[in-house]
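Q: when you get a sec, could you give me coordinates for this:
(2 chains)
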Number of protein chains: 2
Amino acid sequence: MSVTVACCQVELEVGSAKRNRQACLDAVAAAAADGAEIIVLPELANSGYVFADPGEARALAEPLDGPMVSALEQLAKSLRVVVVSGLCESDQQAGVLRSSAIVVDERGLRSVYRKAHLWGREPQFFRPGDQPPAVIDTRFGRLGTMVCYDLEFPEWVHGAALMGAQLLCVPTNWPAEPCPPGERSMEVVRAQAAASINRVFIACCDRAAVERGVVWVNGTVIVGPDGYPLAGPVYADRAVTITAQLELSAADDKSLGPRNDVFADRRPELYRDLPG
Amino acid sequence: MSVTVACCQVELEVGSAKRNRQACLDAVAAAAADGAEIIVLPELANSGYVFADPGEARALAEPLDGPMVSALEQLAKSLRVVVVSGLCESDQQAGVLRSSAIVVDERGLRSVYRKAHLWGREPQFFRPGDQPPAVIDTRFGRLGTMVCYDLEFPEWVHGAALMGAQLLCVPTNWPAEPCPPGERSMEVVRAQAAASINRVFIACCDRAAVERGVVWVNGTVIVGPDGYPLAGPVYADRAVTITAQLELSAADDKSLGPRNDVFADRRPELYRDLPG
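A: Reported below is the predicted structural model:
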């Protein structure tokens, strides 16, 4: 059984909550109309990224029953799709902000993951999560979620894969770093390596629209368990939706040729004795 | 202080011990004459790779005082260079064969590392090692060694980086896997990601010459701490030496922009609680 996965690299604008939400809803509806069943949105899709100060982040954060999640829940129900979205979350229980990834489907809000590895100025705004990647079953397959910089920590990806994630959905806001001409940006390269090392699918949804001078990689990409892109990377600073049809069960097979297996070949008893 | 690092993608032929050794010695001498100070050779550089059976592997294996290591020691002393080479090793103490990586310099044999993650048919011939990557100081900088498939296990690379390796020297024999047109082979992609995740230099020395039907990636490459190639990948089935001038001290800096650090940003306390 194959599933159609879409990543919607929407244009976001920090501070324009209503406009961002609408851009996301429109992109999800359009992707679903084109047959997408699992749809991934960027990190901080409701708020934008480049906050002027903590007050601005607080003003843009929403609880899990706020307008962004409620609207996505409603849309996921009516369209019978799964949506994974980044969320500038007001964590009411802890009284802090989180950079979260939520999953909604026809049953409503299914999981909330809080980014555990914060990047750049994010610690000024967000409290890092301390829970593992969220991994849940949906009617299309088993999904794991993490956010952006999390993907660069191999134990985190491996943990999600060990929990049975077939498709890792990764909302990102990748600020562009210098990249030599003709090279693929390292964010994408690391996603490819992570997929191939764990034999999982990875869907990274980046964002578009230069924001307060910050340029993005615009590297939205869907990678297969062999590490090669199935759609993207986009590399264009505009709203683009990429889609790929995935046989998610392929990610259950960790073999690598007739004699190797990326999980069985690991030697955790040796890793325990390594420094660090 | 910069150091010139060379990888010599020599042509090997299984069974032709004398010819393989001479090809390695010639390549090292030529690289040194061109200014190389650290010179990396492929995996199993003395024996070739595609053994017909365990008997053939045994007949080709050499102890650490055998002709291959002795000749490399002598050459390293006379040229005052560091040489890292793969070795089909007869481990006399354990009475088994090993796929090893040795380091020799003007002081003689400096380290022996035995491949811990075996690939394909290798378990028919070799006993895997159970010691961490070898990391030693040389007069050009701090070198780590591992062999081929080892590089695909993130904990292994991270362990070497934590032990202070500035340059990871990786003798490889990369059998070619299917690779979509226009894509860089996943072996190289994984080396790039490993370098960038740990902010180390990585020099992978692959081999040339189709052997008993096995085609190689020929992907010899030297990668910087940002993950981008500084020389290679070669992608040609012939003897080629690539060189790059490296400021190895750059690998001591684990920062990533003004606010991040690839080591300090890790959350090992969370990784311990992950499954696996």
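Q: which residue does the stretch 1-150 of chain A have closest to chain B?
A: A:Gly120 (5.2 Å; CB to the nearest CB). C-betas here are computed from N, CA, C, even on glycine.
Q: does that residue touch B:Arg259 like I think?
A: Yes. A:Gly120 is within contact range of B:Arg259, at 5.2 Å (criterion: CB atoms under 8 Å).
Q: more neighbours, these two?
A: Using other CB atoms under 10 Å in any protein chain shown as the criterion, A:Gly120 and B:Arg259 rank with A:Gly120 on top: 17 against 14.
Q: could you measure from the more buried one over to A:Met186?
A: 16 Å (CB to CB, to the nearest Å).
Q: for chain A, which spans come out with low pLDDT?
A: For chain A, applying pLDDT under 70 flags the ranges A:276.
Q: now the residue most central in space within it, what's its secondary structure?
A: Nearest to the mean C-alpha position of chain A, counting by CA atoms, centre = their mean, stands A:Val170 at 1.5 Å. Look at A:Val170: counting by DSSP: H, G, I helix; E, B strand; the rest coil, its state is strand.
Q: contact partners for the residue nearest to it when sequence neighbours are not counted?
A: Using CB to CB, 6 or more residues apart in numbering or on different chains and skipping residues adjacent in sequence, the residue nearest A:Val170 is A:Cys204, 4.6 Å away. A:Cys204 makes contact with A:Cys7, A:Leu151, A:Val170, A:Thr172, A:Glu187, A:Val188, A:Ala191, A:Gly219, A:Thr220, A:Val221, A:Ile222, A:Val223, according to CB atoms under 8 Å, 6 or more residues apart in numbering or on different chains.
Q: next, count neighbours for A:Arg212.
A: Applying other CB under 10 Å, I find that A:Arg212 has 12 neighbouring residues.
Q: I figured it hits A:Gly15, correct?
A: No. Using CB under 8 Å, A:Arg212 is not in contact with A:Gly15; the gap is 9.8 Å.
Q: what residues does the stretch 51-200 of chain A have near chain B?
A: A:116-121, A:123, A:128, A:130, A:132, A:149, A:152-156, A:158-159, A:162-163, A:179-180, A:183-184, A:186, A:189-190, A:192-194, A:196-197 (CB under 8 Å from any CB of the partner chain).
Q: now the helices: where do they sit in the stretch 151-276 of chain A?
A: Assigned by DSSP state H, counting those that start in this stretch, the stretch 151-276 of chain A shows helices spanning A:154-162, A:186-198, A:268-271.
Q: what's the first one packed up against?
A: In this structure, helix A:154-162 makes packing contacts with strand A:167-171, helix A:186-198, helix B:154-162, helix B:268-271, judged by 3 or more CB pairs under 8 Å, 6 or more residues apart in numbering or on different chains; DSSP states H and E.
Q: tell me the angle of that helix relative to helix B:154-162?
A: Interaxial angle, helix A:154-162 versus helix B:154-162 (axes from the mean of the first three to the mean of the last three CA atoms, to 10 degrees): 170 degrees.
Q: again, but for the second one
A: Relative orientation of helix A:186-198 versus helix B:154-162 (the same axes, to 10 degrees): 130 degrees.
Q: distance between the biggest helix by length in chain A and the chain's centre?
A: Secondary structure of chain A per DSSP state H: the longest helix is helix A:17-33. How far helix A:17-33 lies from its chain's middle: 16 Å, per CA atoms, centre = their mean, to the nearest Å.
Q: got it, and stretch A:169-178?
A: Per CA atoms, centre = their mean, the centroid offset for stretch A:169-178 relative to its chain is 10 Å.
Q: returning to what we had before: select from the contacts of A:Cys204 the one having the most neighbours.
A: A:Cys7 (33 neighbours).
Q: OK, contacts around A:Val3?
A: A:Glu37, A:Ile38, A:Phe140, A:Gly141, A:Gln245, A:Leu246, A:Leu248.
Q: look up how far A:Ile102 lies from the fourth one.
A: Separation of A:Gly141 from A:Ile102 (CB to CB): 18 Å.
Q: again with the second one
A: With distances defined as CB to CB, the gap from A:Ile38 to A:Ile102 amounts to 14 Å.
Q: so what sits against both of the two?
A: A:Val84.
Q: would you verify that A:Val103 is located in a strand?
A: Yes. Residue state for A:Val103 (three-state DSSP) corresponds to a strand.
Q: got the residue ranges for the strands in chain A?
A: Along chain A, counting by DSSP state E, strands occupy A:3-9, A:38-40, A:82-91, A:96-105, A:108-114, A:134-138, A:141-145, A:167-171, A:201-205, A:221-223, A:229-231, A:240-246, A:255-256, A:260-261.
Q: other residues contacting the last one?
A: Spelled out, it's strand A:260-261. Taking CB under 8 Å, 6+ apart as the rule, strand A:260-261 contacts A:Lys254, A:Ser255, B:Trp119, B:Gly120, B:Tyr149.
Q: could you dump those to CSV with distance to B:Ser2?
A: Shown next, in CSV, are the contacts of strand A:260-261 (distance: CB to CB, whole Å):
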residue, distance to B:Ser2
A:Lys254, 41
A:Ser255, 43
B:Trp119, 34
B:Gly120, 37
B:Tyr149, 30
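Q: can you tell me which of these lies nearest to B:Tyr271?
A: In terms of CB to CB, no member of these lies closer to B:Tyr271 than A:Lys254, at 19.8 Å.
Q: returning to what we had before: the contacts of A:Val3: which two are farthest apart?
A: A:Gly141 and A:Gln245 (12.4 Å).
Q: higher neighbour count, those two?
A: Comparing A:Gly141 with A:Gln245 by other CB under 10 Å, the one with more neighbours is A:Gly141, at 24 against 14.
Q: residue contacts, the more buried one?
A: A:Val3, A:Ile38, A:Gln166, A:Leu167, A:Leu248, A:Ser249.
Q: what about A:Ser2, neighbour count?
A: Counted with other CB under 10 Å, residues neighbouring A:Ser2 total 14.
Q: check contacts around it.
A: By CB under 8 Å, 6+ apart, A:Ser2 lies in contact with A:Gln245, A:Leu246, A:Glu247.
Q: what's the closest of the residues you listed to A:Ser85?
A: Using CB to CB, the contacts of A:Ser2 come closest to A:Ser85 at A:Leu246, 19.1 Å.
Q: so that closest one makes contact with A:Leu167?
A: Yes. Between A:Leu246 and A:Leu167 there is a contact under CB under 8 Å: 6.7 Å.
Q: what touches both of these two?
A: With CB under 8 Å, 6+ apart, A:Leu246 and A:Leu167 have common neighbours A:Val5, A:Phe201.
Q: who has more neighbours, those two?
A: Taking neighbours as other CB under 10 Å, A:Leu246 and A:Leu167 compare with A:Leu167 leading, 28 against 25.
Q: ok, for A:Glu183, nearest residue in space, not its chain neighbours?
A: Closest residue in space to A:Glu183, ignoring its immediate chain neighbours: B:Tyr228 at 5.5 Å, by CB to CB, 6+ apart.
Q: and stretch A:19-31, what's buried?
A: For stretch A:19-31, a neighbour-count test (16 or more other CB atoms under 10 Å in any protein chain shown) marks A:Asn20, A:Arg21, A:Ala23, A:Cys24, A:Leu25, A:Ala27, A:Val28, A:Ala31 as buried.
Q: will you turn the helices and strands packed on helix A:154-162 into CSV that also has distance to A:Glu106?
A: Listed next are the helices and strands packed on helix A:154-162 as CSV, based on distance: least, CB to CB, whole Å:
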stretch, distance to A:Glu106
strand A:167-171, 17
helix A:186-198, 27
helix B:154-162, 36
helix B:268-271, 31
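Q: brilliant, that's me finished.
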